[in-house]
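**Student:** Show me how the following folds:
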Amino acid sequence: MKPTKDTMKNKQQVFVWTLYDFANSSYAVIIVAFVFAVYFTDIIAQKEPIGDFYWSLGINISMIISAVLNPVCGALADRTSNKKLFLLFFTILCIVPTALMYFTGQGTILFGIILFIVSNIGFQTSMTFYDAFISDMVDEKDYNRVSSIGYAVGYVGSLAAVFMVFPLKDNYPMLFALTALFFAVFSLPIFFFLKEKKIDHGKEEINYFTYGFKKVLYTLKHINKYRNLRNFLLSYFLYIDSVNTIIFFSGIYASRTLNFGTIELAIFFIIVQITALIGSLVFAKLGDRLGIKRSIAVNIIFWIGILVFIFFFVDVNSYLYAFGLKIHYFFIAGGFAGTFLGSTQSLSRALMTELTPFEIKTEFFGFYALFDKTSTLLGPLTFGLVSWLTGSQKIAIFSITGFFIAGLWLLKYVKEEKQISDVRY
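**Tutor:** Below is the predicted model of the structure:
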């Protein structure tokens, strides 16, 4: 049976959409998780212990601002049916400061943290509009598969970004400029070729400056009408908090506590990206068989096991000797973490898409992003403060297991069923 034109068109749309994930993964890896994170604490902050706190402060400021912008801009995007314009604005807001990181260096703490804050606002907020495109492209039965494919392609982009580190390991500023260029080039197709579904809201005039805030306040006042979505968002808030903390501090932990050099860090992140790609694809199948909610629960249980393993068994001298190879235990932990990193993110996005009515899709993805971003008020700040007060990053990383446990407990109150919208314009 030959594929229909509509099927081929959907495949082309999905491919164009996934290229944006490929593009922005360069920022996620090079700036947030790996090189700039370590560069900031080791070079810009000159390895002072308070560097962890400055970095966590930068994360929290950018996440708070992004958290406010996400649902407000999401409501506006729903009302105007113009997700793409918002996506373009916040993409540019990320790319330009990233390019300017070329001019950072030893002692440029204020300049460096401002560039990170602005770029991270652009990166984090753009994902609201990117995620909301899923229901524009495919039917509900394909949400999990398409979400997983997007993350898988994103991890291919992450791998490409990590490989850029090797020739530029002695020239980090040039690497930051190249990351901005990578993001810019591969994000272009989504703006030229991805089609957006339009909803006719009539000709009623609205105040664009106040509409987003009013719509969000209305939804918050009536959030109990979306009780299932509320329960999921509260659960997500807690377990994704721990995941984000691991993303933000894994490179710093490996560099500072385990004394990893640039090449070892690059190998670690290559392992993470490859296993994350595999995890996204594997759980795309398992999510359909086990159910998305149950698959998320399995992921959380394994995350808790990974953190327990790191706390009790991983230190600077913990090596495994196998097949003539000397393998650090942290590489093994990274492999498992990568497997459940990709799947946790893709499954969560798929469940959110499944639970949310189309008419309020972008607004509620704004709330999804809000819970994602504001969760970093707890995890990274907890990590930074515990690390600063105890002088132990091992204790700091173990301190976030409680968020996973609480998120798992709340997840049991979530039902896999779409809610009926009660839209007010």
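**Student:** Ends of stretch 128-146, what's the gap?
**Tutor:** End-to-end distance for stretch 128-146, by Cα to Cα, to the nearest Å: 16 Å.
**Student:** One more: stretch 382-396?
**Tutor:** Length of stretch 382-396, first residue to last, Cα to Cα: 7 Å.
**Student:** tell me the mean pLDDT over it?
**Tutor:** Per-residue pLDDT over stretch 382-396 has a mean of 80.
**Student:** and if you look at stretch 165-173?
**Tutor:** On average, stretch 165-173 scores 89.
**Student:** Off-centre distance for that stretch?
**Tutor:** Taking Cα atoms, centre = their mean, to the nearest Å, one finds the center of stretch 165-173 at 24 Å from the center of the full chain.
**Student:** That stretch: which residues count as buried?
**Tutor:** Judged by neighbour count using 16 or more other Cβ atoms under 10 Å, the buried positions of stretch 165-173 are V165, L168, Y172. Yep, even glycine has a C-beta here, placed from its N, CA and C like the rest.
**Student:** List the contacts of Y236.
**Tutor:** S348, M352, Y368, F371, D372, G407 (Cβ atoms under 8 Å, 6 or more residues apart in numbering).
**Student:** buried ones in the helix or strand harbouring I190?
**Tutor:** For I190, the host element (DSSP states H and E) is helix 172-193. Neighbour-count burial for helix 172-193 flags 172, 175-180, 182-184, 186-187, 189-190 (criterion: 16+ other Cβ under 10 Å).
**Student:** Could you count how many residues lie near the closest residue to A184 other than its chain neighbours?
**Tutor:** Once flanking residues are discounted, A184 sits nearest to I95: 5.2 Å by Cβ to Cβ, 6 or more residues apart in numbering. Using other Cβ atoms under 10 Å, I95 is surrounded by 23 other residues.
**Student:** CA atoms only for the helix or strand harbouring I95, dumped as PDB, please.
**Tutor:** Element membership for I95 (DSSP H and E) is helix 83-100. C-alpha atoms of helix 83-100 as PDB (Å, rounded to 0.1, in the frame of the first residue of the first chain):
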ATOM      1  CA  LYS A  83       3.100  30.200  17.700                       C
ATOM      2  CA  LYS A  84       5.700  30.500  15.000                       C
ATOM      3  CA  LEU A  85       6.300  34.300  15.600                       C
ATOM      4  CA  PHE A  86       6.800  33.800  19.300                       C
ATOM      5  CA  LEU A  87       9.100  30.900  18.600                       C
ATOM      6  CA  LEU A  88      11.200  33.100  16.300                       C
ATOM      7  CA  PHE A  89      11.500  35.900  18.800                       C
ATOM      8  CA  PHE A  90      12.700  33.700  21.700                       C
ATOM      9  CA  THR A  91      15.000  31.700  19.400                       C
ATOM     10  CA  ILE A  92      16.800  35.000  18.500                       C
ATOM     11  CA  LEU A  93      16.800  36.000  22.200                       C
ATOM     12  CA  CYS A  94      18.800  32.800  22.800                       C
ATOM     13  CA  ILE A  95      21.200  32.900  19.800                       C
ATOM     14  CA  VAL A  96      22.500  36.500  20.100                       C
ATOM     15  CA  PRO A  97      23.700  36.300  23.800                       C
ATOM     16  CA  THR A  98      25.200  32.900  23.100                       C
ATOM     17  CA  ALA A  99      27.300  34.400  20.300                       C
ATOM     18  CA  LEU A 100      28.400  37.200  22.700                       C
END
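**Student:** For it, name the packing helices and strands.
**Tutor:** helix 5-27, helix 50-80, helix 109-131, helix 172-193 (3 or more Cβ pairs under 8 Å, 6 or more residues apart in numbering; DSSP states H and E).
**Student:** 10 Å instead?
**Tutor:** helix 5-27, helix 50-80, helix 109-131, helix 172-193, helix 361-374 (3 or more Cβ pairs under 10 Å, 6 or more residues apart in numbering; DSSP states H and E).
**Student:** Thanks a lot, catch you later.
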